[in-house]
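Asker: What would the 3D arrangement of this be:
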Amino acid sequence: MFDTPEWVIGLMSGTSADGVDAALIRTDGKKHVEVGPSLMLPYSDLERADILGLMKGQGDRAAIANALTLKHAEAVNLLIKQSGLARENIKLIGFHGQTIRHAPHEGITEQIGNAPLLVAKTGISVVSDFRSRDVAEGGQGAPLVPLYHRALAENLPKPLMVVNIGGVANVTFLGENREILAFDCGPGNALMDDWMLHHAATRYDANGELASRGEVDKGRVENFLADPFFALPAPKSLDRNHFQSRVAEGLTAADGVATLAACTVEAIAKAFEHVNDTPKSLLVTGGGRHNATLMAMLTQRLPKTKVAPVESVKWNGDTLEAEAFAYLAMRSVRGLALTLPSTTGVKVKVTGGAFYKA
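Answerer: Residues are numbered from 1 along each chain as shown. Next comes the predicted model:
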């Protein structure tokens with residue numbers, strides 16, 4: 001059934017909890033990838049507050065999981081309508097769910113979402129629970145997108161690094177001879193977003209406008225870099241709430257968000273210490289690439305590497321992770337590896353995912 005390329009929908013709700021990304025690709029889970037249409041269905045303020053509250057242990061887990069699943073089903077049905085494809089031509093959904101806790105050192109990774117409910121509401125088979133097997137086998141359970149990066153970057157010049165700046169920032173290094181190394185490198189947008197919510201009453205610093213008017217407190221950035229996380233060898237992973245925006249407490253709104261942006265940039269720069277060759281280019285995906293101040297800081301900090309959004313190589317940075325979970329769903333049903341020792345630190349390469357047949 002799944003030995004040839006098929007249309008698959010991938011779904012992702014990231015740690016920033018902005019909404020549901022849905023993407024349609026045709027793939028065999030190996031080198032064949034055709035990218036189709038995609039969309040983003042934003043969460044309401046209440047939905048986002050419920051998700052962020054659950055990350056802190058507050059709220060009705062089952063009720064929030066079901067509401068979140070219905071939102072994902074809505075995204076699937078809208079995307080099918082937009083695509084013009086018949087529903088029966090879409091063979092699979094990759095349903096990541098919402099991470100509410102990630103503590104692999106304790107053997108824990110928790111994503112909420114009701115896969116049987118999603119099957120019922122869409123009529124399409126679902127693969128979910130992508131991370132548990134990796135953690136059970138001694139891996140970090142993250143990041144999961146690197147194998148998709150490698151498939152997309154097959155013909156791009158190497159060495160190359162991809163950085164996804166979502167709530168957490170993670171990198172994929174692609175070297176010669178299909179060498180791959182991936183790991184979470186530090187906070188992405190999470191600290192800046194939390195700061196903006198509490199100090200500017202808005203979800204995020206649009207285009208980095210406020211940060212552009214602030215002054216970086218270098219002493220606080222140095223203190224931030226003293227966190228033990230940065231001394232850990234790669235691969236490694238990070239919970240969204242490991243770092244806190246209070247690193248900037250006491251600063252003005254502008255200086256605070258500028259300082260937190262600098263923390264994100266320095267965390268990405270430190271990722272270069274874990275690879276053998278300086279990347280020729282750094283391709284930036286995730287919401288952070290829309291922050292002009294952050295991108296300018298990266299360019300200045302990494303003068304030997306070309307910094308550019310992934311759109312420069314015709315990838316879609318808004319839906320790349322959703323596409324990846326479609327790709328991983330196909331790999332899962334084919335019994336192919338989702339993670340490798342060099343991407344999550346798992347002892348041996350492992351597959352994963354739970355299959356729910358329509």
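Asker: Quick one: low-confidence residue ranges for the protein.
Answerer: Within the chain, the segments meeting pLDDT under 70 span 1.
Asker: pull the longest helix from it.
Answerer: helix 61-83 (DSSP state H).
Asker: Please give the centre-to-centre distance between the next helix or strand after that helix and its chain.
Answerer: Per DSSP states H and E, the first helix or strand lying C-terminal to helix 61-83 is strand 90-103. A distance of 11 Å separates the C-alpha centroid of strand 90-103 from that of its chain, computed with Cα atoms, centre = their mean, to the nearest Å.
Asker: ok, then the element right after strand 90-103?
Answerer: strand 108-112.
Asker: what does that following strand contact?
Answerer: 54, 61, 64-65, 68, 96-103, 128-132, 135, 141-142 (Cβ atoms under 8 Å, 6 or more residues apart in numbering). The way it works is simple: take the backbone N, C-alpha and C, and place the C-beta from them, glycine included.
Asker: Please repeat the previous calculation with a cut-off of 10 Å.
Answerer: Residues external to strand 108-112 that are found in contact with it (Cβ atoms under 10 Å, 6 or more residues apart in numbering): 13, 51, 54-55, 61-62, 64-66, 68-69, 95-103, 128-132, 134-136, 139-142, 237, 239.
Asker: hang on, isn't residue 288 packed against residue 191?
Answerer: No. Residue 288 is beyond contact range of residue 191, at 11.5 Å (criterion: Cβ atoms under 10 Å).
Asker: Now list whatever residues contact both of these two.
Answerer: 167, 261, 264.
Asker: now, which of the residues you listed lie within strands?
Answerer: Residues of the shared contacts of residue 288 and residue 191 located in strands (DSSP state E): none.
Asker: Point out the ones among those that are inside helices.
Answerer: 261, 264.
Asker: Kindly reformat the shared contacts of residue 288 and residue 191 as JSON lines and extend each row with neighbour count and distance to residue 8.
Answerer: Converted to JSON lines, those look like this (neighbours: other Cβ atoms under 10 Å; distance: Cβ to Cβ, whole Å):
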{"residue": "167", "neighbour count": "25", "distance to residue 8": "25"}
{"residue": "261", "neighbour count": "29", "distance to residue 8": "36"}
{"residue": "264", "neighbour count": "28", "distance to residue 8": "32"}
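Asker: Residue 319: which of the shared contacts of residue 288 and residue 191 is nearest?
Answerer: Nearest to residue 319 among the shared contacts of residue 288 and residue 191, counting by Cβ to Cβ, is residue 167 at 16.4 Å.
Asker: Look up how far residue 291 lies from the closest one.
Answerer: 13 Å (Cβ to Cβ, to the nearest Å).
Asker: which residues do these two both contact?
Answerer: Counting by Cβ under 10 Å, 6+ apart, the residues touching both residue 167 and residue 291 are residue 189.
Asker: hang on, the earlier thing: identify, from the shared contacts of residue 288 and residue 191, the entry nearest to residue 158.
Answerer: residue 264 (25.0 Å).
Asker: what residues are up against that closest one?
Answerer: 163, 165, 168-169, 185-192, 224, 243, 288, 291, 294, 297-298.
Asker: Go through these and flag which are in strands.
Answerer: Counting by DSSP E, the contacts of residue 264 contribute 163, 165, 168-169, 185-187 to strands.
Asker: Centre of the chain to stretch 309-322, how far?
Answerer: With Cα atoms, centre = their mean, you get 12 Å for stretch 309-322.
Asker: sorry, back to before: which one of the ones in strands among the contacts of residue 264 has the most neighbours?
Answerer: Per-residue neighbour counts (other Cβ atoms under 10 Å) across the ones in strands among the contacts of residue 264 peak at residue 165, which has 32 neighbours.
Asker: Now do the contacts for that residue.
Answerer: 16, 171, 185-190, 192, 264-265, 267-268, 284-291, 294-295, 298, 317.
Asker: Please determine how far it is located from residue 307.
Answerer: Taken as Cβ to Cβ, the span from residue 165 to residue 307 is 12 Å.
Asker: Now for these two: what residues contact both?
Answerer: Counting by Cβ under 10 Å, 6+ apart, the residues touching both residue 165 and residue 307 are 268, 284, 289, 295, 298.
Asker: Narrow the contacts of strand 108-112 to just the buried residues.
Answerer: Buried by 16 or more other Cβ atoms under 10 Å: 13, 51, 54-55, 64-65, 68-69, 95-102, 128-132, 134-135, 139-142, 237, 239, out of these.
Asker: and which of the shared contacts of residue 165 and residue 307 is nearest residue 257?
Answerer: Nearest member of the shared contacts of residue 165 and residue 307 to residue 257, counting by Cβ to Cβ, is residue 295, at 14.9 Å.
Asker: Surely that closest one touches residue 287?
Answerer: No. Using Cβ under 10 Å, residue 295 makes no contact with residue 287, being 11.8 Å away.
Asker: excluding its backbone neighbours, what's nearest residue 9?
Answerer: residue 93 (4.9 Å; Cβ to Cβ, 6 or more residues apart in numbering).
Asker: So the one you found sits against residue 333, correct?
Answerer: No. Counting by Cβ under 10 Å, residue 93 stays clear of residue 333, with 11.3 Å between them.
Asker: Of those two, which one has the most company?
Answerer: Taking other Cβ under 10 Å, residue 93 and residue 333 do not tie; residue 93 has more neighbours (27 against 21).
Asker: ok, residue 237 to residue 271 distance?
Answerer: 13 Å.
Asker: Report the set of residues contacting both of the two.
Answerer: Counting by Cβ under 10 Å, 6+ apart, the residues touching both residue 237 and residue 271 are 170, 183-184.
Asker: would you turn those into JSON lines with neighbour count?
Answerer: Shown next, in JSON lines, are the shared contacts of residue 237 and residue 271 (neighbours: other Cβ atoms under 10 Å):
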{"residue": "170", "neighbour count": "28"}
{"residue": "183", "neighbour count": "25"}
{"residue": "184", "neighbour count": "25"}
